[in-house]
Structures are given as C-alpha cells and as structure tokens.
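>>> can't give you the sequence, but here's the structure:
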Ligand SMILES: Nc1ncnc2c1ncn2[C@@H]1O[C@H](COP(=O)(O)OP(=O)(O)O)[C@@H](O)[C@H]1O
Ligand SMILES: [Mg+2]
C-alpha cells in the first residue's frame, strides 16, 4: 500500500509539488540562516579572540580591574617563568604575550620640527619571532594595504586611515612619544614599513603595530606584558576546555596573596561576548519555532486546497473499502514521505549554499580594499553536523502538522457526503 | 426504513418508509427520475450511509450498527461499486487501478496478479493493462471500473447509473458483460438507472418516486 502511495506521489508531482516547494524553500532558508548565523558568530568569536580576548587571557588582578586605562605599570612581570609553568600544566595551549600602550605619533618636517601630531594606540605583538603564530593569527598579511610586514624591530605598521591623516608615505621616519612602565618619557624614532586596515573604527582611527620585544625594550618592560593570551589546540575555541583551564589556574592562584597575582579569564568572560553568544542561540531557536508555525499554516492551507481536489480519490478509496481512519493514516504517511523529500532537497540546497558561503564568503568589503581583523567584512557560513537536522526535522514536523490539520476534513464530512462529491 | 436529510432546520425525506428485499444473485434495478432517492438507497445498502429510521440489513449485518471500520470491511470484502462517472485514479495504470481494490485485503503478490488479469479478461481489457486512464475511451474506462469492482468477487455489486455517460453501443456491451458476470459468479447486481436500455436487461425493476416505491416488477423468464 505504501509502495502504491509513493508511486502515486512520484507520478503526479503536481499533487505534491506545492508542499514540496514550500518545505524545500523553508528548510533551505532555515539551514542557510543558521549556517550564516553560526558562521558570522564563529567569525566574530575568532576575530575577537585573535585580536583581543584570546581563548584565555591572563592579567594581574589590578590590571584586569583597570584594563581600559592600559595600566602597564600593573603588567605581568617574570613572564618567562609564568609561561613555563603554563606550558607545563596546559600543553597544547599557545601563549602569546601582548602589550597595549598609548602615546603620540609625531611627524617631523625636513628640519626635524613637528609637522603634524596625533594620539595613538600602540599594539605590540610578537611578529618578528619566527616561532610565533601571531602574524598568521592576526591575519596581518592579508590586512596590509600598503608596504610590507616589518623586517626589523624599529619598523611599524600604521593603520591606513591614520597614516593618510598624517600624510605619511612608506619608509617615512616618525617619532613615538610615550611613557615607560615606570612613567619616564619615551622618545623613539621608528619607520613606517606599511599600512594596515583593522576593520574596526576604534583601531583604524589611530593605532600602530610594533614588535613585542622591541616594545618591551622601549617601555622598560623586559620579560613583562600587559596581557598573556592563550589559544587552544589548533586555534579552535572550545568553551568547555577553556573553562576547565581557567578554573584550574585560578584555583592554584587563589592562595597567592601577592596583590599582582595573575588571574585568568575565558573568551566568554570578556567584551560582553557571553550575552552575544547566548542571544545568537536564542535568535536561531526563535527563528526555527516561527518557521515551523508559519510553514504549518501554509501547509495546512495547501493541504486544504489539495484535499478538496482529492475528495474524488478519497471517495473511491472509501468505496473500495478503506476506512476513514485508514485514509487519514495514509494521508499522514504520505505527508511524511513528501515532507522527507522536501526537507531532503531543502537541506541539500541549504547546505550547498552554506558551503558556497563558507568557501567563497559574502563580501561586504568591496569598496574597502583589503580585509579586516576584528569584524568580518566577509560573511562566511559555517557548516556543522546540526545543519543537517536544523531544517530537516522542522520541515517534516510542519508538513505533518499541516496535513494533520487539513486532513481533519475527512472526518468532519459524512462518508456519504464525501462520496456524493463523486457525482459530477 | 426512512432516510431524512436535514435542510435548513427541517428534514427532507429522501426515502419514505420503504420496505424491500433483494435476493442473492438477482439482477435488479431501481428506476426513477432524478431526485427520487435511488442513490440514497444504494449508498445505504453499500454502507456508505445509514437510514434515519428503520433497519437496513445487508448480508445479515445491520447497517445502522456498523462502526467505520466494520462498514469499511463490509465494503472491502463484499460490496463492489460502479459509478456514473468512471472514477479511475488517474495516476495509476489500468492494472494498478484494479489491483488497488485488492491491496486492502491479504492477497499475496502472485494471487493479486492472477486475480487482476482474470478481472481484466472478463471485461476484455488485458491488452490495456499498462495504459493510463486518460488513454481510454468512456466505454473502456467503465469496463475497468467493472473489473475493479468485480476483482475481489464481491457478493453484491452496486451500479449507480453506470451507463449515463455512455453511448448506446458501449452501454449494451457493458450490460451484457455484467449480465455474464452475474450468471458466472452469482453476484447480486443492483442498478440505479433511468435508462431504457438498462431496463431491458433487468430481471426486476423497482420503480421509485419521491422516496416511495411505486411498482416492483419481476420479469418472468
Ligand atoms: N446529502 C444530502 N443532503 C440533503 N439532501 C440530499 C442529500 N443527498 C440527497 N439529497 C436529496 O435527496 C433526494 C434524493 O437524492 P438522490 O438519492 O441522490 O436521488 P437520485 O439518485 O434518485 O437522483 C434529492 O432531492 C436530493 O436533493
Ligand atoms: Mg443519483
């Protein structure tokens, strides 16, 4: 009998084309949207992690409390000892010290007098050390607008916008004014080897990148850093592992009475990422519920219309000795078959589009040459196993629900009336 | 028995206190103008409807007492239907349309095939087994409907104006086919009709008017 029904569906696609179409579209959109949401989300998380939060971050307690003021006088010292014990306790985590420091960039004229000046934020990453993963992690190469990555320690990269404001050209010598960790003045002549676009207004307005060990030297922070970022295995954020390491590390340091004792935060703990992550989950969830309801309504209606056309068939089947509950049952089975076909096609299409957007990306940065490192300017979808269910199951449920509702008409009508409709 | 339809708060009596019985193997027809209650009567006999008063006993079963399931079972095993419009399922072949009637019963694939081919043979359509209904003429379609109704060898065959959409040649062919099956398989045939051609074949004609039996004439053979 079921074989018979499948034959019927396959031979008369017009009977099921509308519901299949509705489900296909609905499932495809669901898969695509959740793929994009996940993709954008993981991109945001990654960019944030890479540029700012790490998967884990260690600071001294007072630094953490005042971190908006870039209090390098409260920075971590004896970095190498800390790193060594971290590497011992948590193998496979990559530890990257960084320093953020404020100051002024001064551009001299031919006579060495100040031509133009601007406040600046210095970002010190380990970019000259060949063992460091920072260059790759920060995507510096792909974010370069002009010039090249620094090759010697007195070379810096300046944000493109800032460099234009200061009318700088490649190779120009400029002076950085700032203060050391202890508060003495710093004057340092550096050379602009290239410009870069961060893609985040705050950084693009006026910041530059300097090699970490050079910054440590000029800021009198040998073996010190404001922040020590940790990146998990293969650079992939694993919230559970991150939480474990944090708990363990902080427990070990709980009895450390030193007021400069280090504390560890996870990615989730920083930059209000936790509510963002939760919100995204919520949005996806709500979207799926709305989708199921809306599709059920549409399918209920198509079911009603299709049902009217099919009273003829139902009448014949009743006459041949099928009972009403059986007709209804087979209608539901049929809906599951149709739902499966629609959900299958929709999932395949949705995942294919996701794959396309994962590989190629949705480029929002045409007018802005180069790519960014904080916010994704290329939206990418992210394919994961759950994409194969996230649309499929709701698609099936909607079709079943829609048919169950519309099929009730079979019961409401008297057999004889259903049957009467056989008479033209 | 009587049958009333509720219409706008009132009841319209389509069958008015009829008393009638049919014998096994009869080739009988209910004759009367449109609206006289023929279809209503056949539907009750076929357990698609129930009387509002009195009793209808079909093959020792009281139609009023049957559940959905029991009524379906009665139709499935013992009653075949033929309608005015041919009502084949358009997506299925001739073969499958006939086979459908057997799918609801416990036949093996082999038994099904044998029964279907035999039924098609009765109506002379074995060569059309793989055609779709839209490739058939009206007469052929009605013959498929006969095969579908007869394939399960029901005790009773109900034919509601089976010739209304056929020309006279096809009508005669169908009637002689049915008459032959009536003789061979001892199936009870009940027609509803107002077609003179049909009446010529009937052994018994029950004349219905406004829900009353006017005459009940048995032809002597
Ligand atoms: N479901 C129904 N509701 C109301 N009236 C009906 C219904 N079915 C039939 N009737 C009425 O009952 C009468 C008999 O109908 P029917 O049995 O179809 O007659 P026939 O088949 O002889 O043309 C007609 O007047 C018809 O309008
Ligand atoms: Mg009628």
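That came through, no problem. Here the structure is a predicted model, which means the values were calculated and not measured. Ligands and ions are numbered 1, 2, ... in the order given.
>>> I'd like to know how many residues surround residue 65.
In the absence of a named chain, chain A is used. Neighbour count of residue A:65, defined by other CB atoms under 10 Å in any protein chain shown: 13. C-beta here means a position set from N, CA and C on the backbone, and glycine is covered the same way.
>>> try again with chain B
Around residue B:65 there are 10 residues (other CB under 10 Å).
>>> Please identify the residue of chain B positioned nearest to chain A.
Proximity of chain B to chain A (CB to the nearest CB) peaks at residue B:76, 2.5 Å away.
>>> ok, that residue - contacts?
A:320, A:321, A:322, B:104, B:105, B:152 (CB atoms under 8 Å, 6 or more residues apart in numbering or on different chains).
>>> Going by neighbour count, which residues in the helix or strand in which it is found are buried?
Residue B:76 belongs to helix B:68-78 when assigned by DSSP states H and E. Within helix B:68-78, the residues that count as buried by 16 or more other CB atoms under 10 Å in any protein chain shown are B:71, B:72, B:73, B:74, B:75, B:76, B:78.
>>> now, which of the residues you listed sits nearest ligand 1?
Closest to ligand 1 out of these is residue B:71 (17.2 Å), distances taken as CB to the nearest ligand atom.
>>> Tell me how far the nearest residue to the closest one once chain neighbours are set aside lies from residue B:1.
Spatial nearest neighbour of residue B:71, chain neighbours left out: residue B:47 (4.1 Å); criterion: CB to CB, 6 or more residues apart in numbering or on different chains. Distance, residue B:47 to residue B:1, using CB to CB, to the nearest Å: 13 Å.
>>> what about these two, which has more around it?
For residue B:47 versus residue B:1, neighbours defined as other CB under 10 Å are more numerous around residue B:47 (25 against 20).
>>> pretty sure that one contacts residue B:74?
Yes. With contacts defined as CB atoms under 8 Å, residue B:47 counts as touching residue B:74 at a distance of 5.1 Å.
>>> Show me whatever sits in contact with both of these two.
Taking CB under 8 Å, 6+ apart as the contact rule, residue B:47 and residue B:74 both touch B:58, B:66.
>>> Can you name every helix or strand that the strand or helix carrying residue A:244 contacts?
Assigned by DSSP H and E, residue A:244 belongs to helix A:239-252. Where contact means 3 or more CB pairs under 8 Å, 6 or more residues apart in numbering or on different chains; DSSP states H and E, helix A:239-252 is packed against strand A:56-60, helix A:79-89, strand A:262-266.
>>> So for it, mean pLDDT?
Averaging pLDDT along helix A:239-252 gives 92.
>>> Tell me the buried residues in it?
Within helix A:239-252, the residues scored as buried using 16+ other CB under 10 Å are A:241, A:242, A:245, A:246, A:249, A:250.
>>> go on, stretch A:263-275?
A:263, A:264, A:265, A:266, A:267, A:268, A:269, A:270, A:273.
>>> what do you get for stretch A:128-136?
Result for stretch A:128-136 [16+ other CB under 10 Å]: buried residues A:128, A:132, A:134, A:135.
>>> Okay, now the unreliable bits of the chain?
The chain I'm using is chain A. A:306-309, A:362-380, A:411-424 (pLDDT under 70).
>>> looking at chain B here, not the other one
Looking along chain B with the criterion set at pLDDT under 70, you get B:86, B:221.
>>> residue ranges of the helices in it, please?
Per DSSP state H, chain B carries helices over the ranges B:38-45, B:68-78, B:94-103, B:109-122, B:138-150, B:168-185, B:196-201.
>>> out of those helices, nearest to residue A:310?
Nearest of the helices of chain B to residue A:310, taken as CB to CB: helix B:94-103 at 14.7 Å.
>>> quick one: that closest one to helix B:109-122, angle?
Here helix B:94-103 runs at an angle of 120 degrees relative to helix B:109-122 (axes from the mean of the first three to the mean of the last three CA atoms, to 10 degrees).
>>> Could you list every helix and strand in contact with helix B:94-103?
With contacts taken as 3+ CB pairs under 8 Å, 6+ apart, helix B:94-103 sits against helix A:2-11, helix B:109-122, helix B:138-150.
>>> and these, which is most packed in?
Across those, averaging neighbours per residue (mean count of other CB atoms under 10 Å in any protein chain shown) puts helix B:138-150 on top, at a mean of 24.
>>> Please verify my assumption that residue B:219 contacts residue B:199.
No. Judged on CB under 8 Å, residue B:219 makes no contact with residue B:199 at a distance of 9.7 Å.
>>> Could you check which of the two has the larger neighbour count?
Legend: neighbour count by other CB under 10 Å for residue B:219 and residue B:199, higher for residue B:199 (15 against 12).
>>> among the buried residues of stretch A:128-136, which are within reach of chain B?
Applying CB under 8 Å from any CB of the partner chain to the buried residues of stretch A:128-136, one finds that nothing falls near chain B.
>>> Which ones among those map onto helices?
A:134, A:135.
>>> Nearest to residue A:46 among the buried residues of stretch A:128-136?
Using CB to CB as the measure, the one of the buried residues of stretch A:128-136 that approaches residue A:46 most closely is residue A:134, at 14.5 Å.
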